[in-house]
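Visitor: Below are the sequence and a predicted model; questions follow.
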Amino acid sequence: MKIEGIDVKDANHKIVLNITKDDVKAGSLKKANSCAAAKALCRQEGCEAAKVHMSRAYIKKGGKWLRFGVPMALRNEVLAFDRGGKFEPGEYTLVPLQPTVRLGADRRHVYEKAARKAKDRRKNHASQGKLKKAYHVVSGVRARMVDEWWK
């Protein structure tokens, strides 16, 4: 994976992020690279750039991008902020990603397990004819990471 032509690596450490009122004032709505959390990362970690999305945060430091997981509390603040609400200053911990979602992780066992479950459901007549639940997409918030950014 690449962002702006630069390789992305998964982080192996936590970052305790302290977002202040000044970061909130300087932050922009629906912009992953200039929201309150991104401003706080640049200030606190001395990184060249930062992008904070709903589930992932990226910091550019030393000529490479590091990828972190975003905690639910920060996700909720980002969601509220992008929809015109207030971003609550505070302390949030960005964490390394679990092994199954790291870049280059072997996900075959996850897919094989899912395929076995689906096969078992087809055997169970009680589940036949039921409609699948619709996938909910959160709207009114910043754009997701898209293929154009990964070049």
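Guide: Nice, I can see it.

Visitor: for the chain, what are the low-confidence residue spans?
Guide: Low-confidence segments of the chain (pLDDT under 70): 107-114, 119-131, 135, 145-151.

Visitor: Could you pull out the helices in it for me?
Guide: In the chain, the segments counted as helices under DSSP state H are 21-26, 36-45, 72-82, 108-123.

Visitor: Name the stretch among the ones you listed that sits most buried.
Guide: Ranked by average neighbour count under the criterion mean count of other Cβ atoms under 10 Å, these are headed by helix 36-45 at a mean of 22. In short, each C-beta sits where N, CA and C put it, glycine included.

Visitor: about what we covered before: okay if I get the helices of the chain as JSON lines plus distance to residue 98?
Guide: Listed next are those as JSON lines, based on distance: least, Cβ to Cβ, whole Å:
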{"stretch": "helix 21-26", "distance to residue 98": "28"}
{"stretch": "helix 36-45", "distance to residue 98": "21"}
{"stretch": "helix 72-82", "distance to residue 98": "14"}
{"stretch": "helix 108-123", "distance to residue 98": "12"}
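
Visitor: Go through those helices and name the closest to residue 7.
Guide: helix 36-45 (18.6 Å; Cβ to Cβ).

Visitor: how about the CA coordinates for the closest one, as PDB?
Guide: In PDB, the C-alpha atoms belonging to helix 36-45 read as follows (Å, rounded to 0.1, in the frame of the first residue of the first chain):
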ATOM      1  CA  ALA A  36      -8.400  18.300  15.000                       C
ATOM      2  CA  ALA A  37      -6.800  14.900  15.500                       C
ATOM      3  CA  ALA A  38      -4.400  15.400  12.500                       C
ATOM      4  CA  LYS A  39      -3.400  18.800  13.800                       C
ATOM      5  CA  ALA A  40      -2.700  17.300  17.300                       C
ATOM      6  CA  LEU A  41      -0.600  14.500  15.800                       C
ATOM      7  CA  CYS A  42       1.500  16.900  13.800                       C
ATOM      8  CA  ARG A  43       2.000  19.100  16.900                       C
ATOM      9  CA  GLN A  44       2.700  16.300  19.300                       C
ATOM     10  CA  GLU A  45       4.600  13.800  17.300                       C
END
